[in-house]
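Colleague: coords below, sequence missing:
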Ligand SMILES: Cc1cc2nc3c(=O)[nH]c(=O)nc-3n(C[C@H](O)[C@H](O)[C@H](O)COP(=O)(O)OP(=O)(O)OC[C@H]3O[C@@H](n4cnc5c(N)ncnc54)[C@H](O)[C@@H]3O)c2cc1C
């Protein structure tokens, strides 16, 4: 019986249940394909997951939904998830000025928060002079047009590009750094100008959609599990807790130039799963590991050349909220690149036994706090003891005017070592396509080439594109 089960053949086996894997599995299942998803963790979501770590609810990292996303909300809708049930909207973000006890309020919703956007342009005068503000205009104007028409911007860092356009030092630190390091944890000196403008460019034609969404619950719970359930209802199968160790290669002389075909995967527990299509939707380092025997193949050149970067977060429970409101906050000039209080939004459960009103100042003294923080220079924190990281965070948050000392009741360091493709200069041209050129093998993941970057939206688009490759190949085979 076991042998028969092992030999069961699927239309597609998808490795990884992050948003790329889920998006691909959904598209294939919806087309009637028999799909198996294999995930190494006991839960779905990958870098958009949430789980309980020894009594504390944590997440893979602070996430924000950007209003112009379209593939992710479309997938959610098809899976019966109403976006407004799972996110709450922010119309502005705060930028704390290190050592000055001041903040810059940045309007992020030109239509929905029109007043706040206008105030953020004409106000903030105690923080930025008109000279600082005007200095960013040519920078943004040239950057967005340049980015729409050429990938040449990928040859220059955003810091260099800002210097070229005479952006003042203060505007560089208080506007450009939060929009680069604050989002992708890389210093502006490394951050590709293409990735910088490319991330925001879709917001220009869709400016009326632009705002930022904070999740109203753990991402596995509110976003990924409903997708899993939908895929199951369409006949898909999931196996959790099962790390894939390698691809099964037919004509297994991997060095041979022609004639190889991927016919499935094997797992660390020794099981083998066979399929017409093998979709590797694991993150970049895991994909490299799984496909390592094929490293010399010309078709996988870009996959193996694409550099990686890490993410490090510290998540804290507090005896009171750290910030007045649950909104995205940046700490330029420090390693506290972005953070948010979440006790009234994502982790409302922390106060579930109390009457909690969203952003109600009167209740703050009685409420517990929950702060999620993304650290800049992540590699320095990956191997650091959590206690040492906490001490650094308390000290640097103090410089930003946020007092945490004596208020932290529990904390976790959550890291994603090398899980990202690097948004460093020159990376764009190394992002591989979903179609590999090797029979039976398709890639999915935010690192594969899409119109987006290392985002939830990019992951979903990549999954859709991967599914399209499988379906096209099936049609070709049927015709032949
Ligand atoms: C701290 C942080 C903050 C972020 N903030 C934002 C944000 O604000 N907005 C935004 O849009 N995006 C954000 N992102 C990026 C977003 O999370 C990712 O782009 C997206 O989730 C990537 O999805 P993916 O499916 O490509 O990869 P992953 O989510 O990494 O999925 C890969 C899956 O493969 C599984 N896997 C790996 N190896 C194996 C194996 N050997 N066998 C089986 N399974 C395996 C993993 O467990 C995982 O589930 C953030 C990410 C992090 C870490």
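Modeller: Arrived safely. Bear in mind that the values here come from a model prediction, so they are computed numbers and not experimental data.

Colleague: and the residue of the stretch 151-300 of the chain found nearest the ligand, what pLDDT?
Modeller: The stretch 151-300 of the chain approaches the ligand most closely through residue 286 (3.2 Å), counting by C-beta to the nearest ligand atom. From N, CA and C alone the C-beta is placed, and that goes for glycine too. The pLDDT attached to residue 286 in the predicted structure is 98.

Colleague: kindly report the same for the one 10 residues further on.
Modeller: For residue 296, the pLDDT comes out at 94.

Colleague: got it, and residue 2?
Modeller: In the prediction, the pLDDT value recorded for residue 2 is 49.

Colleague: so which bits of the protein are right by the ligand?
Modeller: Residues of the chain lying close to the ligand by C-beta under 6 Å from any ligand atom are 15-21, 38-41, 46-48, 60-64, 243-244, 281-283, 286, 290, 311, 313, 374, 416, 419, 445-446, 454-459.

Colleague: would you check that residue 221 makes contact with residue 50?
Modeller: Yes - under the criterion of C-beta atoms under 8 Å, residue 221 makes contact with residue 50 at 6.1 Å.

Colleague: which one's more surrounded, those two?
Modeller: residue 50 (23 against 18; other C-beta atoms under 10 Å).

Colleague: my read: the more buried one touches residue 223, true?
Modeller: No - counting by C-beta under 8 Å, residue 50 does not reach residue 223; the two are 9.2 Å apart.

Colleague: the nearest residue to residue 164 once chain neighbours are set aside: neighbour count?
Modeller: Leaving aside its chain neighbours, residue 164 sits nearest to residue 156 (7.8 Å; criterion: C-beta to C-beta, 6 or more residues apart in numbering). Using other C-beta under 10 Å, residue 156 has 17 neighbouring residues.

Colleague: from residue 170, how far out is residue 156?
Modeller: Using C-beta to C-beta, to the nearest Å, we find residue 156 at a distance of 22 Å from residue 170.

Colleague: so, low pLDDT: which residues of this structure?
Modeller: Within the chain, the ranges that satisfy pLDDT under 70 run 1-7, 147-149, 252-258, 353-365.

Colleague: if we go to 90?
Modeller: Scanning the chain for pLDDT under 90 picks out the ranges 1-8, 108-122, 143-152, 200-208, 251-259, 349-367, 477-480.

Colleague: ok, longest strand in it?
Modeller: In terms of residue count, the longest strand belonging to the chain (DSSP state E) is strand 408-421.

Colleague: got a list of contacts for that strand?
Modeller: Residues from elsewhere that reach strand 408-421 (C-beta atoms under 8 Å, 6 or more residues apart in numbering): 47, 53, 55-56, 58-61, 184, 283-285, 306-319, 368, 378, 381-382, 384, 386, 389-390, 394, 427, 431, 446-447, 454.

Colleague: now the residues you listed: which count as buried?
Modeller: Taking 16 or more other C-beta atoms under 10 Å as the criterion, what is buried in those is 47, 56, 58-61, 184, 283-285, 306, 308-318, 368, 378, 381-382, 384, 389-390, 394, 427, 431, 446-447, 454.

Colleague: the residues you listed in strands, which ones?
Modeller: Among the buried ones among the contacts of strand 408-421, the residues falling in strands (DSSP E) are 56, 58-59, 308-318.

Colleague: CSV for these, including distance to residue 408?
Modeller: Output for those, formatted as CSV (distance: C-beta to C-beta, whole Å):
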residue, distance to residue 408
56, 12
58, 14
59, 17
308, 31
309, 27
310, 23
311, 21
312, 17
313, 15
314, 10
315, 11
316, 5
317, 7
318, 6
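
Colleague: now, which of these sits nearest residue 266?
Modeller: Residue 266 lies nearest to residue 308 out of these, by C-beta to C-beta, at 24.1 Å.

Colleague: for the closest one, which residues are in contact?
Modeller: Residue 308 neighbours (C-beta under 8 Å, 6+ apart): 284-285, 418-422.

Colleague: could you check how far it is from the ligand?
Modeller: 12 Å (C-beta to the nearest ligand atom, to the nearest Å).

Colleague: do you know how far that residue is from residue 476?
Modeller: 33 Å.

Colleague: then residue 302?
Modeller: Taking C-beta to C-beta, one finds residue 302 at 23 Å from residue 476.

Colleague: in its sheet, which strands sit next to the longest strand of the chain, and in what direction?
Modeller: strand 308-318 (antiparallel) (DSSP bridges).

Colleague: show me what the very next helix or strand once past the partner strand is packed against.
Modeller: Where DSSP states H and E defines the elements, the next helix or strand beyond strand 308-318 is strand 329-330. The criterion is 3 or more C-beta pairs under 8 Å, 6 or more residues apart in numbering; DSSP states H and E, and the helices and strands that strand 329-330 contacts are strand 92-97, helix 177-184, strand 336-341.

Colleague: ok, strand 329-330: who's next to it in the sheet?
Modeller: Sheet pairing for strand 329-330, using DSSP bridges, gives strand 92-97 (parallel), strand 336-341 (antiparallel).

Colleague: ranking these by burial, who's on top?
Modeller: Greatest average neighbour count among the strands paired with strand 329-330 goes to strand 336-341 (a mean of 26), per mean count of other C-beta atoms under 10 Å.

Colleague: and that one with helix 177-184, angle?
Modeller: Strand 336-341 runs at 70 degrees relative to helix 177-184, counting by axes from the mean of the first three to the mean of the last three C-alpha atoms, to 10 degrees.

Colleague: so which of the residues of the chain next to the ligand belong to helices?
Modeller: Under the assignment DSSP state H, those contribute 19-21, 286, 290, 456-459 to helices.

Colleague: which one of those is nearest residue 8?
Modeller: Closest approach to residue 8 among those (C-beta to C-beta): residue 21, at 19.5 Å.

Colleague: give the contact list for the closest one.
Modeller: 14-15, 37, 39, 46, 279, 281-282, 444, 463 are the contacts of residue 21 under C-beta under 8 Å, 6+ apart.

Colleague: leaving out sequence neighbours, find the closest residue to residue 12.
Modeller: Per C-beta to C-beta, 6+ apart, closest to residue 12 is residue 277, 4.3 Å.

Colleague: sorry, wrong one. I was asking about residue 394.
Modeller: Nearest one to residue 394, counting by C-beta to C-beta, 6+ apart, is residue 404 at 4.8 Å.

Colleague: part of a strand, is the one you found?
Modeller: No - if the criterion is DSSP: H, G, I helix; E, B strand; the rest coil, then residue 404 is coil and not within a strand.

Colleague: what ranges do the strands span in the stretch 51-200 of the chain?
Modeller: Listed in chain order, the strands of the stretch 51-200 of the chain (DSSP state E, counting those that start in this stretch) span 56-59, 64-66, 87-90, 92-97, 102-107.

Colleague: elements contacting the shortest one?
Modeller: Taking 3+ C-beta pairs under 8 Å, 6+ apart as the contact definition, the neighbouring helices and strands of strand 64-66 are strand 212-215.

Colleague: chain center to the following helix or strand past the strand it packs on, what's the gap?
Modeller: The first helix or strand that comes after strand 212-215 along the chain, using DSSP H and E, is helix 219. Put simply, helix 219 sits 12 Å off its chain's centre (C-alpha atoms, centre = their mean, to the nearest Å).

Colleague: over to stretch 125-138?
Modeller: Counting by C-alpha atoms, centre = their mean, stretch 125-138 is centred 30 Å from the centre of its parent chain.

Colleague: same question, stretch 331-338
Modeller: Stretch 331-338 sits 18 Å away from the centroid of its parent chain (C-alpha atoms, centre = their mean).

Colleague: show the contacting residues for residue 236.
Modeller: Residue 236 touches 25, 29, 35-37, counting by C-beta under 8 Å, 6+ apart.
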